[in-house]
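> sharing a model that was predicted from the sequence below.
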Number of protein chains: 2
Amino acid sequence: MTLTQERTALRQRILSANDEVAARLRRRLDRERTLAIDLVSSPGAGKTTLLEATAHRLGASHRLGALVGDVATELDADRLRAAGLPSHQIVTGGACHLDARLVEKGLDVGGLGEVELLFIENVGNLVCPASYDLGEDFKVALLSVAEGSDKPFKYPAIFARASVVLITKADLKPHTPFDLESAERGIRSLNPGARLLEVSARTGLGMDAWCDLLEEALVHKAAAWSL
Amino acid sequence: MTLTQERTALRQRILSANDEVAARLRRRLDRERTLAIDLVSSPGAGKTTLLEATAHRLGASHRLGALVGDVATELDADRLRAAGLPSHQIVTGGACHLDARLVEKGLDVGGLGEVELLFIENVGNLVCPASYDLGEDFKVALLSVAEGSDKPFKYPAIFARASVVLITKADLKPHTPFDLESAERGIRSLNPGARLLEVSARTGLGMDAWCDLLEEALVHKAAAWSL
């Protein structure tokens, strides 16, 4: 067996094992009445800033929590806690994505208490996190206008899998060559059912629509629980 | 052995095998009098736009070439060819980084001819490419001002290993909270010897300094060859 074949075989075993843990985690989150969202993007697309702004809007009316994955540092969990969002940092120590076991352990030791809406902020990486089920209800992909409208075509896996795509840093759009129609076409061609929102956490643009979407998801989930 | 231990062991074997191919590739590039640069960044930090602008400045006086890694699509090689830069696309089909074997194969089949200055545009990813030697003379890390000044702390491996760090999209700086001093501090703490340049391929800011750096590297390399 070549090293590439060994890697492919091992990767399949790792993904199968991850799927098992994710299924167990999903049952646990359901039991605990927690809606979980996996946020995936390039580094610097604005995941943490989005969560800060979301906490300011929803923190008073909902019990929020965050698990924050990074290769190194506690910077992001510190920022979120300062914004009033109970957060636990998962430092991957080099790994390029979160997996279900890291999330499970984060929930065990993170001290988040009862959480109605759990944000899982993945490591900044558009490639590797796409393959990992974290037991979430759905994935949200963020694409900053500064990154360019061709990214859905170039990193198709995550845009095909995300239920929601947020076009972030929309306040920068006038200063960049970002072409919203082209980005939308790319996303729609991969994922016709994705919800698409343009947001700017800095100016507030689109934040009401994003928070409405979250509240709507909470209502749907609560309805499913009461069945 | 747990799956994590298996993964760690296999990763070490893969990296050792890569180092062997990279050493062979480095000898070949030396023989062929080619200076090779590995460009690493997040998706959308501006690698392709930088190379387009570089080709406009150096294309007439130097034989340039590019190998362009992407998970999917030929978009970037198409753009570079349109800018007069002979380019070959390496589609990784899901893989999150280039390795030395892919670069070697790209040189074999890419039809780039004699190349004096070879740009290897890695897959957009700040994590995984950092560990892979591609036989290059040096790595260049790009950090767009839109990504934020905390990225060196959060993705230390590539900033510790790059000989040159380009702060890109500097034209956007007035519209973002990017703090150049803090980013510089982060980079310097990981890598005191790194050359740091602020550039904007769109406005031309810093492009003379970047092209001077490339010409200087070519002169150094030529001097080493003539010894």
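Received the coordinates, thanks.
> switch to C-alpha atoms for all contacts and neighbour counts from now on
Fine.
> now do the buried residues in the longest helix out of those in chain A.
The helix that spans the most residues within chain A, counting by DSSP state H, is helix A:3-31. Within helix A:3-31, the residues scored as buried using 16 or more other Cα atoms under 10 Å in any protein chain shown are A:7, A:10, A:14-15, A:18-19, A:21-23, A:25-26, A:29-30.
> partner strands of the helix or strand just after it, with direction?
Sequence order places strand A:35-41 as the next helix or strand after helix A:3-31, per DSSP states H and E. For strand A:35-41, the paired strands and their directions (DSSP bridges) are strand A:117-121 (parallel), strand A:138-144 (parallel).
> I'd like the ones you listed as TSV, with mean neighbour count appended.
Rendered in TSV, the data for the strands paired with strand A:35-41 read as follows (neighbours: other Cα atoms under 10 Å in any protein chain shown):
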stretch	mean neighbour count
strand A:117-121	23
strand A:138-144	25
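> would you format these as CSV with mean pLDDT included?
What follows is the strands paired with strand A:35-41, written out as CSV (pLDDT from 0 to 100):
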stretch, mean pLDDT
strand A:117-121, 98
strand A:138-144, 98
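> as a markdown table, the ones you listed with distance to residue A:214 would be great.
Compiled in a markdown table, the strands paired with strand A:35-41 are given as follows (distance: least, Cα to Cα, whole Å):
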| stretch | distance to residue A:214 |
| --- | --- |
| strand A:117-121 | 9 |
| strand A:138-144 | 11 |
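> quick one: which of these is nearest residue B:221?
When the strands paired with strand A:35-41 are compared for distance to residue B:221 using Cα to Cα, the nearest one is strand A:138-144, at 38.4 Å.
> on that earlier part again, the longest helix of chain A near chain B anywhere?
Yes: applying Cα under 8 Å from any Cα of the partner chain, one finds helix A:3-31 touching chain B at A:3, A:7, A:10, A:14.
> residue A:59: which of the buried residues of helix A:3-31 is nearest?
Compare each of the buried residues of helix A:3-31 with residue A:59 using Cα to Cα and the shortest gap goes to residue A:29, at 19.6 Å.
> how about the nearest residue to that closest one once chain neighbours are set aside, what does it touch?
In space, not counting the residues next to it along the chain, residue A:29 is nearest to residue A:35; the distance is 7.1 Å by Cα to Cα, 6 or more residues apart in numbering or on different chains. Listed by Cα atoms under 8 Å, 6 or more residues apart in numbering or on different chains, the contact partners of residue A:35 are A:29, A:116, A:117, A:118, A:136, A:137, A:217, A:218, A:221.
> turn the residues you listed into JSON lines, columns for distance to residue A:181.
Below are those laid out as JSON lines (distance: Cα to Cα, whole Å):
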{"residue": "A:29", "distance to residue A:181": "37"}
{"residue": "A:116", "distance to residue A:181": "35"}
{"residue": "A:117", "distance to residue A:181": "31"}
{"residue": "A:118", "distance to residue A:181": "31"}
{"residue": "A:136", "distance to residue A:181": "29"}
{"residue": "A:137", "distance to residue A:181": "28"}
{"residue": "A:217", "distance to residue A:181": "26"}
{"residue": "A:218", "distance to residue A:181": "30"}
{"residue": "A:221", "distance to residue A:181": "32"}
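> among those residues, find the lowest-pLDDT one for me.
Lowest pLDDT among those: residue A:221, with 91.
> hmm, residue A:213 and residue A:206 touching each other?
No: taking Cα atoms under 8 Å as the contact criterion, residue A:206 and residue A:213 are not neighbours in contact, 10.7 Å apart.
> what does chain A put close to chain B?
So chain A meets chain B at A:3, A:7, A:10, A:14, A:42-46, A:70-73, A:94-96, A:125-128, A:146-148, A:151, A:153-156, A:172, A:175 (Cα under 8 Å from any Cα).
> buried members of the residues you listed into ChimeraX, please.
Selection command for ChimeraX covering only the buried members of these, criterion 16+ other Cα under 10 Å:
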select /A:7,10,14,42,43,44,45,46,70,71,72,73,95,96,125,126,127,128,146,147,148,151,153,154,155,156,172
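> please flag which of the residues of chain A next to chain B sit within strands.
Counting by DSSP state E, the members of the residues of chain A next to chain B that fall within strands are residue A:70.
> can you redo the residues of helix A:3-31 next to chain B as CSV with pLDDT?
Shown next, in CSV, are the residues of helix A:3-31 next to chain B (pLDDT from 0 to 100):
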residue, pLDDT
A:3, 93
A:7, 94
A:10, 96
A:14, 97
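> tell me which of the residues you listed is nearest to residue B:105?
The shortest approach to residue B:105 among those belongs to residue A:3, at 16.7 Å (Cα to Cα).
> who's in contact with that closest one?
Residue A:3 sits in contact with residue B:14, where contact means Cα under 8 Å, 6+ apart.
> could you give the bridge partners of the one residue sitting closest to the centre of chain A?
In chain A, the residue lying closest to the centroid (Cα atoms, centre = their mean) is residue A:39, at 0.9 Å. On the basis of DSSP bridges, residue A:39 takes part in beta bridges with residue A:121, residue A:140.
> check contacts around it.
Contact analysis of residue A:39 by Cα under 8 Å, 6+ apart lists A:47, A:119, A:120, A:121, A:122, A:139, A:140, A:141, A:142.
> what does the pLDDT read for residue A:227?
Confidence for residue A:227, expressed as pLDDT, is 65.
> try residue A:212
98.
> neighbours of it, how many?
Under the neighbour criterion other Cα atoms under 10 Å in any protein chain shown, residue A:212 is assigned a count of 13.
> distance check, it against residue A:197.
Taking Cα to Cα, to the nearest Å as the criterion, residue A:212 is separated from residue A:197 by 11 Å.
> quick one: residue A:165 is in a strand?
Yes: the assignment for residue A:165 (DSSP: H, G, I helix; E, B strand; the rest coil) places it in a strand.
> show the contacting residues for it.
Contact criterion Cα under 8 Å, 6+ apart gives A:140, A:141, A:142, A:143, A:159, A:194, A:195, A:196, A:197 as the residues in contact with residue A:165.
> quickly list what it is bridged to.
residue A:141, residue A:196.
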